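1. Give me the fold of what follows.
(one chain, ligands or ions: 1)
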Amino acid sequence: MSKRPAAAQRRSTRPTTKIPSKSLTRSKGQSGRAVKTPKVLRTVAALRAALAPYRAAGQSIALVPTMGALHRGHIALVAEAKRQAKRVVVSIFVNPTQFAPTEDFGSYPRQFAADLKALTEAGVDAVWAPTAPVMYPEGFATRVAPEGAALAGLEDRFRPHFFGGVATVVTKLFTQVRPDVAVFGQKDYQQLRVVTQMAKDLDLGVKVIGLATVREKDGLALSSRNAYLSAADRAVAPTLYRVLKASAARIKQGEPIAMVMEEGAAEIGHAGFAVDYLEARHAVTLAPVESRGDGPIRLLVAAKIGKTRLIDNLAV
Ligand code: PAF
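-> Numbering: from 1, shown residues only. Purely as a prediction, here's the structure:
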């Protein structure tokens, strides 16, 4: 009987595009200059062999962990990774253990060929794209169970399995790639706090960097899940950022936080969302805050419009 985690057994991960395990071809990018297709690595042994020469040459390595379906936000993470280190590895793995059975693992957008093209243009050195059996082989029996920010009562309240899955896969990505630096987006703010704490607590030797959220012109935070939005839902989606901005301004002006949050949640609800939460939290610990004196404040929101659940956040 298979010993892989139940979520991994239930759902298979198959890349939609067959790609060579290694590729080093040169072609012309959109800019017209010659670009080198990154090495695509499918096994831990191939990954380690590909990174060994960089290490031997004393070159620093940055990792950008992703689940693919790349957009401008991911490319901004890659640009930051290139500023931080000599070599850049991007991982693409739709991690089954961070999805509940009721969630969108099966329909999560998979577009490996397009992602590889974007990463070639962006100038990354290697793409780490393991399959589920490589990540969770027969007999896999270890999980990382984060506490602290992972139990803040935000995403964890609505997706109780999520941070265990993220912490486990990110620990594996860190130990597989052994990067000096890893770059995450601030859009998944609770995830960023959890991963930062985990890297510190487990002495993983990785500096975790959180990059500002990239937004559409109307303020909507870029997300692979925005592809699920209908035209009507897309039109009201920027409400989240508008309310975050207005709420941050009101709190800065000294209005009571509880009242601002209550009115903000009502406004998001009136726009047609089902609101999971709109909360003001300590920016580092994610503990609840009552007044501005309680520390640096981050506003965090999660709400569902139509079939799409969106999250966003903003510093006060
Ligand atoms: O933010 C994501 O895309 C995922 O949660 C991550 C960090 C790649 C882990 O699967």
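
2. Which secondary structure element of this structure has the lowest mean pLDDT?
-> The least trusted helix or strand in the chain, going by mean pLDDT, DSSP states H and E, turns out to be helix 6-10, with a mean of 45.

3. show me what contacts the spatially closest residue to Lys172 that is not a sequence neighbour?
-> With C-beta to C-beta, 6 or more residues apart in numbering as the measure, Met135 is the residue that lies nearest to Lys172, at 6.5 Å, once sequence neighbours are left out. In this view, the C-beta of every residue, glycine as well, is placed from N, C-alpha and C. Counting by C-beta atoms under 8 Å, 6 or more residues apart in numbering, Met135 makes contact with 8, 93, 95, 169, 172.

4. Not counting residues beside it along the chain, what's closest to the fourth one?
-> Residue nearest to Val169 in three dimensions, not counting chain neighbours: Asn95, with 4.4 Å by C-beta to C-beta, 6+ apart.

5. Tell me where the stretch 201-316 of the chain has helices.
-> 231-236, 239-252, 257-270 (DSSP state H, counting those that start in this stretch).

6. What helices and strands are in contact with the shortest one?
-> If I follow you right, that is helix 231-236. Judged by 3 or more C-beta pairs under 8 Å, 6 or more residues apart in numbering; DSSP states H and E, helix 231-236 is in contact with no other helix or strand.

7. And that helix, how far out from the chain middle?
-> In terms of C-alpha atoms, centre = their mean, to the nearest Å, the centre of helix 231-236 is set 23 Å apart from its chain centre.

8. cool, stretch 256-268 as well?
-> Using C-alpha atoms, centre = their mean, the offset of stretch 256-268 from its chain centre is 27 Å.

9. Check stretch 48-68 too.
-> 19 Å.

10. Neighbours of Arg87, how many?
-> Neighbour count of Arg87, defined by other C-beta atoms under 10 Å: 22.

11. What of the one 5 residues further on?
-> In terms of burial, Ile92 registers 24 neighbours under the definition other C-beta under 10 Å.

12. List the contacts of the longest helix belonging to the chain.
-> Counting residues, the longest helix found in the chain (DSSP state H) is helix 162-177. By C-beta under 8 Å, 6+ apart, the residues outside helix 162-177 that reach it are 7, 44, 47-48, 51, 61, 63, 65, 89, 91, 93, 95-100, 128, 130, 135, 142-146, 150, 155-156, 182, 190-191, 194-195, 198-199, 202, 204, 206.

13. ok, of these, which come out buried?
-> 7, 44, 47, 51, 61, 63, 65, 89, 91, 93, 95-99, 128, 130, 135, 144, 146, 150, 155-156, 182, 190-191, 194-195, 198-199, 204, 206 (16 or more other C-beta atoms under 10 Å).

14. and those residues near the ligand, which?
-> Checked against the ligand using C-beta under 6 Å from any ligand atom, these yield the following neighbours: 65, 95, 98, 191.

15. quick one: which of the residues you listed sit in helices?
-> Gln191.

16. Next, format the ones next to the ligand among the buried ones among the contacts of helix 162-177 as CSV and append pLDDT.
-> Formatted as CSV, those follow (pLDDT from 0 to 100):
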residue, pLDDT
Pro65, 98
Asn95, 98
Gln98, 97
Gln191, 98
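
17. Let me have the ones next to the ligand among the buried ones among the contacts of helix 162-177 in JSON lines, extended by distance to Val260.
-> Formatted as JSON lines, these follow (distance: C-beta to C-beta, whole Å):
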{"residue": "Pro65", "distance to Val260": "34"}
{"residue": "Asn95", "distance to Val260": "35"}
{"residue": "Gln98", "distance to Val260": "32"}
{"residue": "Gln191", "distance to Val260": "25"}
